[in-house]
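[1] predicted model and sequence follow; I will ask about them next.
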Amino acid sequence: MELLPSLLSSLRSVDPGTLDQEYSMVRSQTSVLKRDVSLTSETGALKENIKKNRYKDILPYDQSRVVLSLLTTDCDSDYINASFIKGASNHSCYIAAQGPLSSTLVDFWRMIWQHDVKVIVMACREIEMGKKKCECYWSPVHQSAAFGPFTVTNQGETRPNEDLVIRSLTVRYQQGSRSLVQYQFLSWPDHDVPYEAAGVLDLLERVRTSQGTHTSPLLIHCSAGCGRTGVICALDYIHDLLVTKQITADFSIMDIVLELRRQRPSAVQTKDQYQFIFTAVACMLQQVLQSSCHLLNDNLSELKKPEKKTRQTPASSKRLSQQTDMSDTYAVVNKPKHPHPPSSNPAYSTVAMPSSASRTQPLSHHYDNDPDGASASAVYSTVRPRAKPANQQHSATPIYDTAMPTNHRLGEGPSSLGSNGEHHLVQGEHPSSTDDDYEDFSCSVPDMTNLCSPGGIGFNCRIQKPRGPRDPPAEWSRQER
C-alpha cells in the first residue's frame, strides 16, 4: 500500500513521448520473444482450420491454444481460435478468444461447456462500421436457440447503463443444464479506446462479482480477440495484483503487456490501447487509495467515539449498600387497617438473632452522619401491630406482612425481647405528641376502604426529621392518601 501513491504519481506524470517509445519496444520485443521462446502457430495455419480464423494474421500460439476435447460429432476438430492466459494467482486464468463465426458457433459452445465457463465478456458489437464483427451466439430475450446439440435460452436482459447489456443465459447439453452471464460492452470502437476508463472499470467490477469464487476461466472476446481483449485482461490482471498485494517497486505495465503477448498474439494491439491501460490503472489506483482513506477515517472515527461504560455493581455490593448506607433513608412502614393476630401466631414469627453473643447485647444502628457517633439510642423503633378499633371487624389474612413503627427506643417502654432472647412483635401504643424525633402523618379520612389496596392496608408514615442544614422535601408536608 505504501507504493501506491508513488506509483499513481509516476503513472500520471508519464510523458506521451515516453509511451510511444515503450510501445515501440513492446512490438520489437514481441518478435524477439517469439523467436526466443519458439512460439508457433502451426495448428491454426492448417488448411482445414484456416476457415475457422476471422483474421488470417491472428492465429493462436500452439503453446497456449485452447484444445477442444469435447466431441459432439465424428467430424469435430480440436481447434478453435482461442488462447489461455494465466492470471495473477494460480487459481485464475482467462480465455482470450475471437468472436465466433457462423461456422464456429458449435465450437464456441463446446469450449464453454468443456471449461464450465460462468462469465463471458463481449467487448464488441455484432456489427461495427458496417462490418460483421461477431456472430450472435445467444437467443432473443425469453427465447431459445439451438446451436448443434446445445440449446441456449435467454432468461432476461438488463441495461444498467448505456454502455452495458447483461444477459442471463442457460445452456442445455444432453441431460445437463448450466447457467452463465454475458456482459456485452457497447462503447468500445474497434482499434480505438473508450471515452473514459470508469465504464471499463465498472464492467470489470461487475464481472468479478459474477465470477465470485468460481475457478473456471473467464471468457473474454472481441472481434479478433487481441486488442480490446488484451486490454481487459491486462486491467483485470493488474487489479488482481493489487488485491493480492503483489505490486512491487519494479512494477511495469510494459512487462505485463509483453507477458500477455507471449500467450496471445497482438494482445493490446495499438498505441492508444497501450496508453489507455496507463489511464485506467491510474484511475484504479486512485479508487483503491480513496477507499483506503475512507476506511481509515471510519476506523479513526470509531476510535474517537467515547466508550459507553455502564458501571455494574455486584449483587452482593448492592445488598451491602442497602444495609449500611442509610444516611438519606427514612423508614416508611405500612399500617394495617385490621389488627394482626396475637404474637403467638406463627405467621408473625420471631426474628432470630444471628448468634448467642448478639442476644446479650442491645440491637443498635446508627446513621453515618450521626454527629454523636456511636450513640446508645437506636434509630429504629420497635415494630408492633396497632390495636384493632372497636368498630371494625377482623379482616381476612393480610396480603402483606405489615407493621407500624413506634416511638420506643431500646430500653424505653415495653421490651421487644422475649424470654429466650428473641425479638417479638408486641402490642404497641400510639406515638406520644412529645416525640420530637418523628412526625406522625396519619390519614384523616375515617373510611379507607376505597383508598387502600385489597386487604385493607392503610399507610402511617413516620419520617425522621432531617439533621443538618438541608431543607425538608416538599413531600414531607403532604399527607399520604
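    Received it, and whenever you're ready, just let me know what you need.

[2] wait, what's in contact with Leu285?
    Counting by Cβ atoms under 8 Å, 6 or more residues apart in numbering, Leu285 makes contact with 4, 7-8, 11, 242. All C-beta spots, glycine's among them, are computed from the backbone N, C-alpha and C.

[3] so which of these is the most crowded?
    Highest neighbour count within these, by other Cβ atoms under 10 Å: Leu11, with 20 neighbours.

[4] next SSE downstream of the helix or strand where that one lies?
    Per DSSP states H and E, Leu11 falls inside helix 3-12. Per DSSP H and E, the first helix or strand lying C-terminal to helix 3-12 is helix 16-37.

[5] report the buried residues of that next one.
    For helix 16-37, a neighbour-count test (16 or more other Cβ atoms under 10 Å) marks 19, 22-23, 26, 29-30, 34 as buried.

[6] hmm, who's touching it?
    Here helix 16-37 makes contact (Cβ under 8 Å, 6+ apart) with 39, 63, 254, 257-258, 261-262, 268, 271, 274-275, 278.

[7] check the contacts of Leu285 and tell me the two furthest apart.
    Greatest spatial distance among these (Cβ to Cβ): Leu11 and Leu242, at 13.0 Å.

[8] give me every residue that touches Thr170.
    Counting by Cβ under 8 Å, 6+ apart, Thr170 touches 152-153, 155, 177-180.

[9] so which of the residues you listed sit within strands?
    If you go by DSSP state E, those have 152-153, 155, 177-180 in strands.

[10] poorly predicted segments of this structure, please.
    1, 293-481 (pLDDT under 70).

[11] how does it divide up, domain by domain?
    According to automatic domain parsing, the chain comprises the domains 3-290, 327-481.

[12] in three-state terms, how would Asp78 be classified?
    Of the three states, Asp78 takes coil under DSSP: H, G, I helix; E, B strand; the rest coil.

[13] next one: it from Met111, what distance?
    11 Å (Cβ to Cβ, to the nearest Å).

[14] ok, the contacts of Thr170 vs Lys133, which is closest?
    Val152 (19.7 Å).

[15] so that closest one is in contact with Trp138, correct?
    Yes. Using Cβ atoms under 8 Å, Val152 is in contact with Trp138, at 5.8 Å.

[16] which neighbours do the two share?
    Taking Cβ under 8 Å, 6+ apart as the criterion, Val152 and Trp138 both touch 145, 169.

[17] what's around His239, how many residues?
    19.

[18] quick one: contacts for it?
    Contacts for His239 (Cβ under 8 Å, 6+ apart) come out as 204, 208, 284.

[19] now list the buried members of those residues.
    Buried, going by 16+ other Cβ under 10 Å: 204, 284, out of those.

[20] strands of the stretch 151-300 of the chain, start to end?
    Assigned by DSSP state E, counting those that start in this stretch, the strands in the stretch 151-300 of the chain fall at 164-173, 176-185, 218-221.

[21] which of those strands sits most buried?
    Per-stretch averages of neighbours, counted by mean count of other Cβ atoms under 10 Å, single out strand 218-221 among these, with a mean of 25.

[22] by contact count, what packs against that strand?
    In this structure, strand 218-221 makes packing contacts with strand 93-97, strand 119-122, helix 227-243, judged by 3 or more Cβ pairs under 8 Å, 6 or more residues apart in numbering; DSSP states H and E.

[23] wait, is Phe84 part of a strand?
    Yes. Under three-state DSSP, Phe84 falls within a strand.

[24] what sits against it?
    So Phe84 contacts 64-66, 93-95, 217, 263 (Cβ under 8 Å, 6+ apart).

[25] closest to Asn49 among those?
    Arg65 (10.5 Å).

[26] backbone phi and psi for that closest one, please?
    Per-residue torsions, Arg65: phi -70, psi 160 (degrees, to the nearest 10).
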